[in-house]
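K.L.:
Predicted model follows, preceded by the sequence.
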Amino acid sequence: MGAETSVVIALIFVGFLTIGTTTYASYEYSNSLVKNAQYEKDIIKKARMQTDITIMNMTNTTTQLNLTVKNTGKTTLNASAMNVFINGNPYNYTVATTGNVWVPQNSTNITIPVSINVGDRIKITSENGVSDYRLW
């Protein structure tokens, strides 16, 4: 009876040890994921805080809308990664920036193949979600 009791106690101990090790490993893995997500969130937040764009000028013809947009922030942006919305609807556009690199304090010209009406709302959104809008 003594040997059987020792075996049962040893098996219970090994079971608790296995459960404890698995629980700790799972906790460490989850904690690592949370820390990485927080780090990435902080990077995105910092980029958004240092990003600003301003629509400087707009001209409208019967076939296209031309915008001059200035990167007034501190972050270099990808000019082709912007989104253009007119009255909430997305539109395709062309950018006159060489290499799509849009450095701070520089302007770029955006051409949209659409004619707008008085009261239309034009919104430009950068790659990290910062935007500016104007009414025509």
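P.N.:
Noted; the coordinates are in hand. Numbering: from 1, shown residues only.
K.L.:
Apart from its chain neighbours, what residue comes closest to Leu135?
P.N.:
Among residues not flanking Leu135 along the chain, Arg121 sits closest, at 5.6 Å (C-beta to C-beta, 6 or more residues apart in numbering). (Each C-beta comes from the backbone N, C-alpha and C, glycine too.)
K.L.:
before we move on, what about Val103?
P.N.:
In space, Val103 is closest to Thr76, 5.2 Å off (C-beta to C-beta, 6+ apart).
K.L.:
And the one you found, how far from Thr21?
P.N.:
Counting by C-beta to C-beta, to the nearest Å, the gap from Thr76 to Thr21 is 47 Å.
K.L.:
swap in Thr5?
P.N.:
Thr5 is 24 Å from Thr21, by C-beta to C-beta.
K.L.:
Ser32 now?
P.N.:
Counting by C-beta to C-beta, the gap from Ser32 to Thr21 is 17 Å.
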